[in-house]
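Student: dropping the sequence and predicted coords here.
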Amino acid sequence: MSRTLIVAAAIVHFAAGPVLAADPAMELVAAATAGRVETVTDLLAQGADANAKNGAGRPALVAAAYSGNRRTAAALLVAGADPNAADSAGNTALMGASAMGHVDTVRLLVAVGAKKDAKNAAGEDAVAMAQRAGHAAVEEILSQ
């Protein structure tokens, strides 16, 4: 088969309609991590599970929170993501946002009922993680 024919076949294949992720869970977590809210909403509209986890066991919401992607986290929550879901180390979205000092994401998670007292496998909660990282503004939010 000539190279031109292969390229033409690829163009026809991809022009035929939307390209769906081969693994929607992995794509959703990757998009949540990168803050690509449009991709996240598209994947959710295509039926991706808002509580999807990557191969390492990290839920999309936890990935979004660690990265400080408040809009992406909000889209996941609206689609039914569990605000208290944890990764394989027991870290929740609130812990991730607190550890990284993402004030707006912390506020969002607290507003939807994320548990402030949940502990990870190391026995730390969101307050301890914020304190260790020196995020006084986050500590203040969590103390209310």
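Tutor: All right, it came through fine.
Student: show me what counts as buried in the helix or strand L77 falls within.
Tutor: Assessed by DSSP states H and E, L77 sits inside helix 70-78. With burial defined by 16 or more other Cβ atoms under 10 Å, the residues of helix 70-78 counted as buried are R70, R71, T72, A73, A74, A75, L76, L77. (C-beta placed from N, C-alpha, C; glycine too.)
Student: where does I141 sit, in terms of helix or strand?
Tutor: Counting by DSSP H and E, I141 is found in helix 136-143.
Student: tell me which residues of that helix come out buried.
Tutor: V138, E139, I141, L142.
Student: quick check: the farthest pair among those?
Tutor: E139 and I141 (7.4 Å; Cβ to Cβ).
Student: which residues touch the nearest residue to A52 once chain neighbours are set aside?
Tutor: Closest residue to A52 apart from its sequence neighbours, by Cβ to Cβ, 6 or more residues apart in numbering: A25 at 3.7 Å. Contact analysis of A25 by Cβ atoms under 8 Å, 6 or more residues apart in numbering lists A48, D49, A52, K53, N54, A60.
Student: closest to A34 out of these?
Tutor: Using Cβ to Cβ, the contacts of A25 come closest to A34 at A60, 11.2 Å.
Student: surely that closest one is in contact with L44?
Tutor: No: applying Cβ atoms under 8 Å, one finds A60 not in contact with L44, separated by 9.5 Å.
Student: identify the contacts common to these two.
Tutor: What both A60 and L44 touch, as defined by Cβ under 8 Å, 6+ apart, is the set L28, A50, L76.
Student: least trustworthy helix or strand in this structure by mean pLDDT?
Tutor: None of the helices or strands of the chain scores lower by mean pLDDT, DSSP states H and E than helix 3-15, at a mean of 37.
Student: quick one: which of the contacts of A25 sit in helices?
Tutor: Counted as lying in helices by DSSP state H, out of these, are A60.
Student: distance to V37, neighbour count and pLDDT for the contacts of A25 - can I get that in JSON lines?
Tutor: Formatted as JSON lines, the contacts of A25 follow (distance: Cβ to Cβ, whole Å; neighbours: other Cβ atoms under 10 Å; pLDDT from 0 to 100):
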{"residue": "A48", "distance to V37": "14", "neighbour count": "24", "pLDDT": "96"}
{"residue": "D49", "distance to V37": "17", "neighbour count": "16", "pLDDT": "97"}
{"residue": "A52", "distance to V37": "16", "neighbour count": "23", "pLDDT": "97"}
{"residue": "K53", "distance to V37": "19", "neighbour count": "20", "pLDDT": "96"}
{"residue": "N54", "distance to V37": "18", "neighbour count": "20", "pLDDT": "93"}
{"residue": "A60", "distance to V37": "12", "neighbour count": "34", "pLDDT": "98"}
